[in-house]
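Enquirer: sequence and computational prediction follow.
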Amino acid sequence: MDCTIATTTDGFGAQYQKILQTYIFCKFNNSNFLYKPFSVVEHNYDNDINYVDKVENLINLKNNITNINPKETIRELDYNSIVRPFFESNIDLCCQSEHMKFIKDCYWSNKDKNFFNNDNSVYLHSLEVLPEYRGNGYGMMLMKKLLELVKNMGYKYATYISDKNNTQAEKIYNNLGRKIYHTDDKSNFSFFQLH
């Protein structure tokens, strides 16, 4: 029997959870899971017209699982009454299954898995200029010296999380050539490429 996830407009995390759990449920119950690409994803705070495509690229299932044919009627499995209870009752089995491995393999197949490998990167945490010294260029000097130091230590990347509301710090990071790896409504997950 062909099955798919019930249509939903939740945020990315909730939809992804339902997709992977429904896929695994179908595999364990000898049903054929057909992938239904995202149509709407909540929390697109920047109104990015490419948001859905970026989400699809991130999870990388659209090209790895047979997609539903919109002209066909497919059984939509109710997540709360069917899929979730099964998954919760069999969570260890599901999470350790070849089916979860397939989902993980899809995710990683279009990414550089060693991008922020600990051998290649250093994580910067809790850098701050005291309020009485702000506005004098110390933040820029601190970041330049720190990036020079970690580069000389052989690291290829310096990663960090920054508060989007800290506009002065964000300006420094942008001026130093940071690249944003991921962003959400409060933070930027960024890195500097050092070599």
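Expert: Ah, there it is. Computed from a predicted structure; not experimentally measured.

Enquirer: please count neighbours and contacts with C-alpha atoms only from this point.
Expert: Fine.

Enquirer: can you list the buried residues in the helix or strand Lys101 falls within?
Expert: Taking DSSP states H and E as the definition, Lys101 sits inside helix 98-108. Within helix 98-108, the residues that count as buried by 16 or more other C-alpha atoms under 10 Å are His99, Met100, Ile103, Cys106, Tyr107.

Enquirer: mind checking the SS state of Glu88?
Expert: helix (DSSP: H, G, I helix; E, B strand; the rest coil).

Enquirer: that one and Tyr79, how far apart?
Expert: 12 Å (C-alpha to C-alpha, to the nearest Å).

Enquirer: the two - which one has more neighbours?
Expert: Tyr79 (17 against 12; other C-alpha atoms under 10 Å).

Enquirer: quick check: the more buried one touching Thr7?
Expert: No: checked against C-alpha atoms under 8 Å, the pair Tyr79 and Thr7 is beyond contact range at 10.1 Å.

Enquirer: just the element for the residue nearest to Thr8 when sequence neighbours are not counted, please.
Expert: By the measure of C-alpha to C-alpha, 6 or more residues apart in numbering, the closest residue to Thr8 outside its immediate chain neighbours is Gln15, 7.1 Å from it. Taking DSSP H and E as the criterion, Gln15 maps to helix 12-28.

Enquirer: mind checking the SS state of the residue of the chain most remote from its centre?
Expert: What lies farthest from the middle of the chain is Glu132; by C-alpha atoms, centre = their mean that is 37.1 Å. Following three-state DSSP, the label given to Glu132 is helix.

Enquirer: what are the bridge partners for Ile180, then?
Expert: According to DSSP bridges, the partner residues bridging Ile180 are Ser190.

Enquirer: where along the protein do the strands fall?
Expert: Here the chain has its strands, by DSSP state E, at 2-5, 32-33, 75-77, 121-123, 157-163, 179-183, 187-193.

Enquirer: tell me the strands beside the first one, with direction?
Expert: If I follow you right, that is strand 2-5. Here, using DSSP bridges, strand 2-5 pairs with strand 32-33 (parallel), strand 75-77 (parallel).

Enquirer: roughly how far out does the last one sit from the chain middle?
Expert: In this case it means strand 75-77. 26 Å (C-alpha atoms, centre = their mean, to the nearest Å).

Enquirer: check stretch 57-67 too.
Expert: 15 Å.

Enquirer: stretch 45-61 now?
Expert: 10 Å.

Enquirer: what does stretch 3-23 give?
Expert: Using C-alpha atoms, centre = their mean, the offset of stretch 3-23 from its chain centre is 15 Å.

Enquirer: can you list the domain ranges for the chain.
Expert: The record's domain split for the chain, according to automatic domain parsing, is 2-108, 121-193.

Enquirer: mean pLDDT lowest for which of those domains?
Expert: Set side by side, those give their lowest mean pLDDT on domain 121-193, at a mean of 84.

Enquirer: that one: end-to-end distance?
Expert: One end of domain 121-193 to the other measures 9 Å (C-alpha to C-alpha).

Enquirer: much appreciated, bye for now.
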